[in-house]
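>>> just the structure for this:
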Amino acid sequence: MRLPSEQLASHLARDLKPLYTVFGNEPLLALEASDRIRARARAEGYTEREVLTVDSGFKWNQLALAGNSQSLFASRKLLELRIPTGKPGKEGGEALQKYCESLPPDTITLIYVSELDWRGQKAAWFETLERSGVAVEAKAVLRRALPQWIAGRLKDQQQDADAATLDFIADRVEGNLMAAHQEVQKLALLFPAGPITFDQVNASVLDVARYDVFNLGEIMLEGDPLRVARVLDGLQGEGTAAPLVLWTFAEEIRAIGKIIAGVNTGKPASMMLREARIWGPSHQSAMQNNLKRFTLGQVTEALRHAAVIDRMVKGLVRGDTWNELLQLALRFARNNLGTMKAQPGRRAVPAAFAAHPALF
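Okay, the predicted model is just below:
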């Protein structure tokens, strides 16, 4: 059984299973999920706690021994196993499968698996854990869902804000959920319960956004010009190498062209997504939702533009590399920047970027 972390609280209110596996790429949500399971176990009388961490010297027979050992002080036990690398190896995988064949009585087992990629989720040991208990997935909160997530956290502390203010907070904390949690908590300390104004938030919330260069392709697909400009500005400020940004864009553009060409010959979009190596539900959804906005001619011109930027990066031609990278991404923007209006608290796109309508 698999549950998203946001559904764990309602599950625990109804039931408590003997085995939980917490995994995912969002540490804050994984930590909160583990805390909820611990709290529910304590409430049910699982007062003893034993923690095993899989490191270089770990012996996998310790898992079975810990499960079978009886406590002198408590009849019920919470056994935690932490796998920081997300890779138990062959011996560990076999030990986990054997452990699931006969879960110990009067024991709640909580397994935390960090850095588990999609290949790991298809491994036999993980599928056994999922079948034998509850797998709680701590997914990263995407930018489009971040305002709603913030609104929920504000509601928990008896505060609320309008849509524009929530969007402003999301811009400042994107990609850094732990800091987002701290910023929301700070608002509870600074202001009383009830509505929070934009001016209060603007004066209080720090800009702690962090961007992953490997998400640039999906951001380009979604086509929000202001967000593209903000993310590129953030990556440049963090010292991200321009060649890596160019490679990420070029790979996404080639994928767009490959999928369009395949679909035009009658091939299923799902098959073309796999051939173009577009993985992950979010990325696939962004591609399918925006593919009709693009043409092969647009892709061809964008790749020519990318070739010019490559020469610029190598010092063969003059130009502002980061400005050209923005222009490249804006070829796939939804709107003509010349007609856009800046939203409250959001930086307007520089006039130089709006001066090339042919790019959009």
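>>> list the residues that contact residue 185.
residue 157 (Cβ atoms under 8 Å, 6 or more residues apart in numbering). Yep, even glycine has a C-beta here, placed from its N, CA and C like the rest.
>>> what's the single longest helix in this structure?
helix 242-264 (DSSP state H).
>>> quick check: buried residues in that helix?
242, 245-246, 248-250, 252-260, 262 (16 or more other Cβ atoms under 10 Å).
>>> how about stretch 193-208?
196, 198, 201, 205.
>>> which residue packs closest to the second one, ignoring adjacent ones?
Counting by Cβ to Cβ, 6 or more residues apart in numbering, residue 198 lies nearest to residue 165, which is 4.6 Å off, once chain neighbours are set aside.
>>> can you pull out the strands in the chain?
2-4, 19-24, 48-53, 77-83, 107-114, 134-137, 159-160, 194-195 (DSSP state E).
>>> list the contacts of the fourth one.
Just to be clear, that refers to strand 77-83. 38, 41-42, 46, 48-54, 63, 66-67, 71, 92, 104, 106-114.
>>> mean confidence for it?
On average, the pLDDT along strand 77-83 is 96.
>>> need the strands of the chain in TSV (columns: distance to residue 229).
Converted to TSV, the strands of the chain look like this (distance: least, Cβ to Cβ, whole Å):
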stretch	distance to residue 229
strand 2-4	32
strand 19-24	30
strand 48-53	43
strand 77-83	40
strand 107-114	33
strand 134-137	32
strand 159-160	29
strand 194-195	30
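>>> mind giving me the domain ranges of this structure?
Following automatic domain parsing, the chain resolves into domains at 2-137, 143-204, 213-359.
>>> test my guess that residue 154 contacts residue 193.
No - in this structure, residue 154 is not within contact of residue 193 by Cβ atoms under 8 Å, at 10.0 Å.
>>> where's the most centrally placed residue in the chain relative to residue 178, distance?
Nearest to the geometric centre of the chain sits residue 140, at 2.8 Å (Cα atoms, centre = their mean). Per Cβ to Cβ, to the nearest Å, residue 140 is found 12 Å from residue 178.
>>> now residue 197
From residue 197 to residue 178 the distance is 25 Å (Cβ to Cβ).
>>> with residue 82 instead?
Counting by Cβ to Cβ, the gap from residue 82 to residue 178 is 18 Å.
>>> correct me if wrong: residue 120 contacts residue 127.
No - the pair residue 120 / residue 127 is not scored as a contact, 10.4 Å apart, by Cβ under 8 Å.
>>> more crowded one of these two?
More crowded of residue 120 and residue 127, by other Cβ atoms under 10 Å: residue 120, with 17 against 13.
>>> number of nearby residues for the nearest residue to the more buried one once chain neighbours are set aside?
Once flanking residues are discounted, residue 120 sits nearest to residue 86: 5.5 Å by Cβ to Cβ, 6+ apart. By other Cβ under 10 Å, 18 other residues sit near residue 86.
>>> hmm, residue 115 and residue 86 touching each other?
Yes - using Cβ under 8 Å, residue 86 is in contact with residue 115, at 4.1 Å.
>>> what stretches of the stretch 251-360 of the chain score poorly on pLDDT?
335-360 (pLDDT under 70).
>>> go on, the stretch 51-200 of the chain?
70-74.
>>> correct me, but residue 134 touches residue 20?
Yes - the criterion here is Cβ under 8 Å, and residue 134 meets it with residue 20 at 5.2 Å.
>>> what about these two, which has more around it?
residue 20 (28 against 21).
>>> residues in contact with the more buried one?
Counting by Cβ under 8 Å, 6+ apart, residue 20 touches 37, 108-111, 133-136.
>>> who is it paired with across the strands?
Beta-bridge pairing of residue 20 under DSSP bridges involves residue 110, residue 134.
>>> count the residues that sit near residue 162.
As a measure of burial, residue 162 has 14 neighbours, counting by other Cβ under 10 Å.
>>> dihedrals phi and psi, it?
Backbone torsions of residue 162, given as degrees, to the nearest 10, read phi -80, psi 170.
>>> that one contacts residue 200, doesn't it?
No - Residue 162 is beyond contact range of residue 200, at 11.8 Å (criterion: Cβ under 8 Å).
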